[in-house]
Every structure is written in C-alpha cells, then in structure tokens.
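Peer 1: This is a predicted model, with the sequence first.
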Number of protein chains: 2
Amino acid sequence: MKQKFRSNCPISSALDLIGDKWSLLIIRDMMFSGKKTYSEFSNSNEKIATNILSNRLSMLEELGIINKGKLEGNKKTNIYSLTQKGKELLPIILEIAQWSDNNLNDHLKDGAKPFVNKFKSNKESFIQNMYARFEKQEG
Amino acid sequence: MKQKFRSNCPISSALDLIGDKWSLLIIRDMMFSGKKTYSEFSNSNEKIATNILSNRLSMLEELGIINKGKLEGNKKTNIYSLTQKGKELLPIILEIAQWSDNNLNDHLKDGAKPFVNKFKSNKESFIQNMYARFEKQEG
DNA sequence: ATTTTAACTTGCATTATGAAAGTTATTCTA
DNA sequence: TAGAATAACTTTCATAATGCAAGTTAAAAT
C-alpha cells in the first residue's frame, strides 16, 4: 500500500488529496451549478474525459468529500452530494476565484467580476449563505 | 502553441496555472520558511525531484509569480522572490491549511494547530502582517 | 590546484491524462 | 413490448507528466 501523504504539512497534505486539475472543478460545479449526476459533470465547459471523471468521483467519495446515492424509484442515476468536508472547500475556492480576478486580467478581462463581487466585501456572510443553501438542496 | 486555459472560469484558470502538487509548496517555502534559492527548495520535506523543481521555477517565473535575481558579488546563487501576484497566493494557502486542520485529523492529529491558530481568529490582520514581512525581506 | 557547492540537464522507467470507442443496465417511446 | 435512448461507466491506446539516478557546468571555497 502506497503512502498517500508526502509529509505531515497541512498544505502538502491537502494537495496530495485535491491538488490536481479536475477535483476542485467537480466541487465547483456541485456548489455553484447544482450539478449532481455523472452526465451533468460530464458536460462542463472544460470537457473532462469520462475515465477521469469516473476516477475522480471514486476518489472524492473515498476521501469522504462527496457522497454517492440514489433517488427513490430510480435505479439508474447516481446522485452525488457534498459532505461537510466537501462543503468546507468553499473558502478555498472563493480565494482562488478572487486571486484570478485580481491577477489574471489579461485572460479573464472582467469576466469574473460579477461572481467575485458577490462575496468580495462580505466573504463570511456569503459563505454562511452558501452553507445554508447547501442544506436546502439536500432537504 | 497550445492553449493554456481550458475555459474562462476563474477557478479553472487558476488551476491551469498552479493546480499541481508542487507549485504551491515552493510558494509555501518562500512565504513561511524564507527560502529563496534552488538548493533550499531542493531540501524540502517532500523531496521534490530536481528536474521538477527546475521546471516549476521556470514556469512560476514565466507566469509572473516569482522573480529570479542575483545578489551583488555572487554570480552563482539564484535568488527567487515573490511578485505581488505570488504574494497574493497567501490567502489561498491559509484556507487550504485551515481546511486540512479541520478535516484531516486522522492524518495530521493536532500538528497543524500551532500554525493555524496564528491566523484562524484574525485572518485579515495576519495576512497584512505577512505582506509587511514580505516587504521587509526584500528591503 | 583541487574540492565543494549551486544550479541545473539528461536518460529512462513509471504513472497519469486524454480521446475515442465499447459495454451494461435502466428507462423511455412508438 | 420491442427498439431506441440514456446514464454511468470501462477499455484501449497514444501522449504527456512525474520520479529517480546520474551526469554536467560554472563559480566559489580551501
């Protein structure tokens, strides 16, 4: 069994789990687009390959970041949802978005501003509102 | 010339640049351990391979996240420093550390607490203090 | 003058990613 | 109720990234 963590540093350890180019995009789509099925994730702008999507969903589930479930009366569609551990990735994602808005202007122009302005001045309350929304989605 | 960005999403775009397992660790070492030379980076706990280190330093420089310079009277040692764009990665790194402290307890035990407690309750002032420290290091 | 140090580069094996096509079970539709 | 479509994968294979070990070059120290 291979060693999962390179060190006991909290930053390095997080990167060992979600430090790739796809995992956080799946989480992003769950948080901001309400996506919850394989085929919804499969339709992202970034065009994730299906084998990678399959692999990442397994890993995220194994890591306890998402749950896999079904709706009653439907044996076909898998419904993925965020665990608490997954929901708590929100602050990281917001800081990433803000960094991009500040520093990738040549590429993004002002395209990220409408999104970033929603939380820029009031991050903590935005986060709490999102957490509340996550609860509603489940209920 | 290959397309650098998968989409115009700010999250995806940041991951296109620094969404790998090593870049943020180099930044971490610059921020919290005052590392600034190739051989210092080479001695990290996580044992980065020298070819990867070399490659990441080039990329980070090319992306405008770090600068490469020399000290007067020394033609040998390269001195790497954070640009503003690089310094602004600090909030992301802090959120990552906090997430790990909250969610990777089996692995980290309480090892991250001494670090995380420094900013947990006062993030904005910690960040400002760090920014001030970055200035001093350069001057 | 020789050794050591700093910063790489090279070669090669292993692993991850990406694109396309194929598979299976379930559900919808004529 | 038979065929078509959908959801969720898996497989194959080519390409790219990573990791390890050893080698290189110039500068600095002894």
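Peer 2: Happy to help now that I have it. On a predicted model such as this, the values are computed, not experimentally measured, just so you know.

Peer 1: Give me every residue in chain A lying close to DNA strand D.
Peer 2: A:Thr37, A:Tyr38, A:Ser39, A:Glu40, A:Thr50, A:Asn51, A:Ser54, A:Leu57, A:Lys68, A:Lys76, A:Thr77, A:Asn78 (Cβ under 7 Å from any atom of the strand). Where C-beta positions appear, they are placed from N, C-alpha and C, glycine not excepted.

Peer 1: quick one: contacts for the closest residue to the second one other than its chain neighbours?
Peer 2: For A:Tyr38, the nearest residue in space outside its immediate sequence neighbours is A:Asn78; the separation is 6.0 Å by Cβ to Cβ, 6 or more residues apart in numbering or on different chains. For A:Asn78, the contacting residues are A:Thr37, A:Tyr38, A:Lys68, A:Gly69, A:Lys70, taking Cβ atoms under 8 Å, 6 or more residues apart in numbering or on different chains as the criterion.

Peer 1: Which one of these sits in the busiest neighbourhood?
Peer 2: Most neighbours among the contacts of A:Asn78, by other Cβ atoms under 10 Å in any protein chain shown: A:Tyr38, with 16 neighbours.

Peer 1: For it, give me the pLDDT.
Peer 2: A:Tyr38 is assigned 98 on the pLDDT scale.

Peer 1: Residues of chain A that sit close to DNA strand C?
Peer 2: So far as Cβ under 7 Å from any atom of the strand goes, chain A lies against DNA strand C at A:20-22, A:47-52, A:55, A:73-76.

Peer 1: can you give me the mean pLDDT across the biggest helix by length in chain A?
Peer 2: Longest helix in chain A by number of residues (criterion: DSSP state H): helix A:123-138. Across helix A:123-138, the average pLDDT comes to 95.
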